[in-house]
Each structure stands twice: as C-alpha cells, then as structure tokens.
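K.L.:
sharing a sequence plus its predicted fold:
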Amino acid sequence: MWAAVSPLLPVRPPDAHPLGCHRGRIPDRDCLYAIVFRLVTGCSWRTAGRLGRGGATTLRARRDEWLDAGVFDRLLEEAICAYDKVIGLDLSEVALDGSTHKAPSGGEGTGPNPTDRAKCGWKWSVATDRSGIPIGWATDGANRHDSKLLGPTLEAVAARGLLEDVQTLHLDRGYDSEVTRETCARHGLRDVVCAKKRPRGTARGTKNPQPLGLRWPVERTNSWFSNYGQLRRSTDRFIAHRLAQVALAVAFILTIKLFAWADRWNR
C-alpha cells in the first residue's frame with residue numbers, strides 16, 4: 001500500500017532549520033501506518049499516534065493535507081482501475097443496499113438511529129458488482145431511509161462511467177416503490193429486481209416462491225466494511241473524513257483481491 005500511496009503524496013521542500021534546533025517532520029510512511037491502524041481497529045488518534053511516532057494533532061493535520069491533495073481519491077481510482085484491468089468488473093448483476101452503524105461523536109452527516117434507541121449513527125449505501133466489488137457509495141445520517149440514498153449511490157457509479165454497463169440492479173424489498181422505479185428509469189436502468197415478501201399463508205420453512213434477487217454480494221461487502229473498526233464505529237465528525245476512510249478501506253479490499261488473484265494457482 002505504501003508503494004501505491006508514496007507517488008501520490010504532495011512534494012514538500014526539505015525540512016531544515018538554519019539553527020538545527022527544531023523537531024524533524026514525522027515521515028509520511030509512519031503517519032500512513034498510524035492512519036491505517038486507526039482505520040482497522042477504530043482506536044483514538046492518540047493511541048494510533050503512539051505507533052506512528054506522531055501525536056494526534058500531527059496525524060489529523062497529515063490526513064487533512066492528503067485529503068486536500070486528493071490522495072485518497074486518486075488511490076481509490078487507481079485501485080479500481082487496476083482491478084478492472086487485471087480481473088475485470090462484472091456489471092451484469094449489480095446489487096445495492098445500505099448499512100447503519102454507530103457514530104458516538106456525532107457531527108456532520110449523522111442522525112438518530114431508529115434501530116439503536118435513537119443513538120447517534122451514520123449510514124452508507126453501496127453498490128457492488130457481481131463479485132461484491134464496491135463501485136459506488138454514498139453516506140448520510142442513520143435516520144435516512146435506504147431509498148433516499150439510491151439516487152446519490154447511482155450518481156457515484158455514473159461518475160466512474162460504469163452505470164451504462166449495468167444490466168440488472170438488485171434491491172431489497174425496502175426499495176420497492178414507484179419513486180425507486182422512477183429514479184432507476186431516470187438513470188437508464190430498466191431491469192430492476194426487488195426482493196418480495198413471503199406471501200401470506202405460506203408455511204414457515206417452505207421456499208419463498210417470490211424472487212429474492214442476487215443480493216448476497218452486497219451483504220458480504222457490508223460485512224467487509226464492518227470489519228474496519230473506524231467504519232463500524234465512526235468517530236469522525238465530517239463527511240469528507242468518513243469518505244476518506246471508506247476510500248482507504250476499498251483500496252485495501254481491492255489490494256487483497258489482487259494479491260489473491262496473483263496467488264490463485266498456489267492455493
């Protein structure tokens with residue numbers, strides 16, 4: 001990951017003081033290690049700083065510096081392009097769903113979670129290809145209905161030029177409404193499959209005769225995201241900071257997939 005990030009970092013002049021009496025700049029690689037450690041574990045900036053040889057203020061400043069330079073977005077696009085070139089995105093079946101998680105610090109883009117006693121939380125909505133690879137996402141407060149994030153998520157997919165290649169979109173039954181169909185039609189999606197409820201009178205244990213769609217890839221992707229502590233329990237107070245964490249998590253997921261693909265014959 002450092003080999004991919006290092007060329008994207010902004011160039012800084014040599015850090016030298018004429019009297020040689022100031023502390024040197026913390027290396028970027030140490031800061032990246034601390035930022036990744038916080039993403040994975042969900043720990044505080046202070047705890048992460050002890051591993052990266054930098055304080056909490058230094059790590060936050062370095063993150064903001066990289067955010068302004070577009071490092072996280074460029075890393076994400078490079079990872080998606082690499083995966084598409086080496087393995088290939090399968091857009092014949094695309095699934096989309098939301099997932100709600102805790103945000104105890106509150107802040108921008110959060111809201112009361114109706115499934116967690118109105119505690120503060122946030123939600124992401126992600127679209128994935130047939131293999132569960134994220135291709136677009138959007139975030140909002142936990143009180144926002146999943147269907148409200150359908151449009152922004154599809155726009156994120158369209159921004160990468162992937163929406164026109166989507167053949168079938170799979171949604172759960174919470175999206176089954178006329179507004180959803182109008183939103184999909186506006187984005188050029190005609191083949192939309194929404195999971196249906198089990199008909200009344202159907203005995204438990206029997207197979208649901210209604211189509212459920214191919215939704216398991218996005219459910220698995222939500223589980224991949226939830227493995228990252230900072231996404232599972234976000235303490236960031238701004239949307240841009242959460243999106244940077246999501247971008248870094250997606251880059252790691254794609255990197256793992258590429259390594260597994262390279263080693264597929266040895267397993």
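P.N.:
Perfect, I can see it now. Keep in mind it's a predicted model, so treat the numbers as computed, not measured.

K.L.:
now the strands for the stretch 151-267 of the chain?
P.N.:
Listed from the start of the chain, the stretch 151-267 of the chain has strands (DSSP state E, counting those that start in this stretch) covering 168-171, 192-194.

K.L.:
just checking: what are the partner strands of the shortest one?
P.N.:
In the sheet containing strand 192-194, the strands it pairs with under DSSP bridges are strand 168-171 (parallel).

K.L.:
if we can go back for a sec, confidence-wise, which of the strands of the stretch 151-267 of the chain is weakest overall?
P.N.:
The weakest mean pLDDT among these belongs to strand 192-194, with a mean of 89.

K.L.:
mind listing what's buried in the top helix by length along the chain?
P.N.:
Among the elements of type helix in the chain, defined by DSSP state H, the one spanning the most residues is helix 239-262. With burial defined by 16 or more other C-beta atoms under 10 Å, the residues of helix 239-262 counted as buried are 239, 241-255, 257. Any C-beta I mention is one placed from the backbone N, CA and C, and that applies to glycine too.

K.L.:
try stretch 145-155
P.N.:
Those would be 146, 147, 148, 149, 150, 151, 153, 154, for stretch 145-155 by 16+ other C-beta under 10 Å.

K.L.:
list the contacts of that stretch.
P.N.:
For stretch 145-155, contacts defined as C-beta atoms under 8 Å, 6 or more residues apart in numbering pick out 96-98, 123, 125-127, 136-140, 163, 171-172, 174-175, 177, 179-180, 183-184, 187, 189.

K.L.:
need the helices for the stretch 1-150 of the chain, in chain order.
P.N.:
Under the criterion DSSP state H, counting those that start in this stretch, helices of the stretch 1-150 of the chain are mapped to 2-5, 28-41, 45-52, 56-68, 71-86, 150-159.

K.L.:
just put those in JSON lines and tack on distance to residue 229 and mean pLDDT.
P.N.:
Putting the helices of the stretch 1-150 of the chain into JSON lines (distance: least, C-beta to C-beta, whole Å; pLDDT from 0 to 100) gives the following:
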{"stretch": "helix 2-5", "distance to residue 229": "20", "mean pLDDT": "92"}
{"stretch": "helix 28-41", "distance to residue 229": "5", "mean pLDDT": "93"}
{"stretch": "helix 45-52", "distance to residue 229": "11", "mean pLDDT": "84"}
{"stretch": "helix 56-68", "distance to residue 229": "16", "mean pLDDT": "94"}
{"stretch": "helix 71-86", "distance to residue 229": "18", "mean pLDDT": "95"}
{"stretch": "helix 150-159", "distance to residue 229": "24", "mean pLDDT": "96"}
